[in-house]
Every structure is written in structure tokens, then in C-alpha cells.
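Enquirer: Next one to model:
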Amino acid sequence: MSGFLDQFRNKVIASVWKVSASSLDKNKIDDKIALGVLLWIVAAADDKFLPLEKEKIKEILISFASVPVDDIPWILQSIEQAQKQSIDMHSFTSLISKELSYKSKINIIEILFSVACVDQELDVREMETIRKVANLFNVSHKDFIDIKIKVKQEFGMKTVD
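Expert: Residues are numbered from 1 along each chain as shown. Okay, here's the model as predicted:
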């Protein structure tokens, strides 16, 4: 898995940001990698990758990850390719988790819920994918539930299942 992150940093991130991978802040890169790949995994979990979900991913990458608008097509293509490499989510998330603060993990879970809820429906498979990520990030059950309720309320969805 480390090889995947190194390859992503060296080939994708360095080419997009036009700097050498060694001069980049590893934590910021890993946040972008984790966020991009996990967003894609959640959006595709229900076997309905909707244009609305792709637009939400773009919005998140621009606002949360500060990805320049001109670089979005290239980043999305790279994230899609990375996701198609059959990444073992457990290994990937465990590796990323070591470098992220608890607050970053909470933010990522909230953002994953926002992609899953953008179509006004939280599919069981999307929910379970987010739950797996939260468990692998060691996010408390209370924080997980609080985030789910908060995001569902933001999208005007029922909060009691």
C-alpha cells in the first residue's frame, strides 16, 4: 500500500502541483488522497455513480482540499484510476489513518456523508462503506451518529431510520 501512496504522490500530486513530491507536505497530500479515493468509493458503493455525486466530489475537492479548478479533471481521472486498482480499503485507510488527526478523520466522515446524501438518499451500501471507514479511523460511534444526523438534516432528510 505504501507503494500506491508513493506512486500517487510522485506521479499525480507532483505533476498537478508542479513541484517535487519531496517538497510537498505529506499530511496535506494524504488528506487529499484519502479524501478523493474515499469519496469515489462511497459514491460508487450503491452501484449508481450519479453526475450529482461527481459534481459534489468536485465541489469538495475545490473547497476542502483546495484543488485548483483547472486541475479537477486530471485529479478526478487520477482518483478514479486509483480506485479501480482494487485498493484494499482496510490497508489504505489504516495507512492514511496514522497520519491524520482525529479532527481530520471527523471532517472526512462528514464529507463522505455529504456525498452519499447529495441525491437525498443514504443507500445502505453507502452507509456501510462510511461506517467501515469510520471504524478503521477509530471514530467513536457517538461522533459517527452525530455526523450522520447533522448531514442528513443539512440535506433535509429524515434522521430517524
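Enquirer: any idea which helix or strand of the chain has the worst average confidence?
Expert: In the chain, the helix or strand scored least confidently by mean pLDDT, DSSP states H and E is helix 14-17, which has a mean of 51.
Enquirer: Could you check how many residues crowd around the residue nearest to Asn107 when sequence neighbours are not counted?
Expert: With CB to CB, 6 or more residues apart in numbering as the measure, Phe64 is the residue that lies nearest to Asn107, at 7.4 Å, once sequence neighbours are left out. C-beta: built from backbone N, CA, C; applies to glycine. The burial metric for Phe64, expressed as a neighbour count using other CB atoms under 10 Å, is 17.
Enquirer: can you tell me which helix or strand the residue nearest in space to the middle of the chain belongs to?
Expert: Among the residues of the chain, the smallest C-alpha distance to the mean C-alpha position (CA atoms, centre = their mean) belongs to Leu35, namely 2.7 Å. Element membership for Leu35 (DSSP states H and E) is helix 26-44.
Enquirer: buried stuff in stretch 96-106?
Expert: Counting neighbours by 16 or more other CB atoms under 10 Å, one finds that the buried residues in stretch 96-106 are Ile96, Ser97, Glu99, Leu100, Ser104, Lys105, Ile106.
Enquirer: typo on my end, stretch 130-143
Expert: Residues of stretch 130-143 classed as buried by neighbour count (16+ other CB under 10 Å): Ile130, Val133, Ala134, Leu136, Phe137, Val139, Asp143.
Enquirer: what's that stretch in contact with?
Expert: 38, 42, 89-90, 93-94, 97, 100, 102, 105-106, 108-109, 112-113, 116, 144, 148 (CB atoms under 8 Å, 6 or more residues apart in numbering).
Enquirer: Repeat the analysis, applying 6 Å as the threshold.
Expert: When contacts are taken as CB atoms under 6 Å, 6 or more residues apart in numbering, the neighbours of stretch 130-143 outside the stretch itself are Leu38, Thr93, Ser94, Ser97, Lys105, Ile109, Leu112, Phe144.
Enquirer: which residue sits closest to the last one, ignoring its sequence neighbours?
Expert: What it means is Phe144. Sequence neighbours aside, Ala134 is the residue nearest to Phe144 in space, at 4.7 Å (criterion: CB to CB, 6+ apart).
Enquirer: any idea how far that neighbour is from Ile75?
Expert: Distance from Ala134 to Ile75, counting by CB to CB, to the nearest Å: 24 Å.
Enquirer: before we move on, back to that, would TSV of the buried residues of stretch 130-143 with pLDDT be doable?
Expert: TSV is the format used below for the buried residues of stretch 130-143 (pLDDT from 0 to 100):
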residue	pLDDT
Ile130	96
Val133	93
Ala134	95
Leu136	90
Phe137	93
Val139	96
Asp143	98
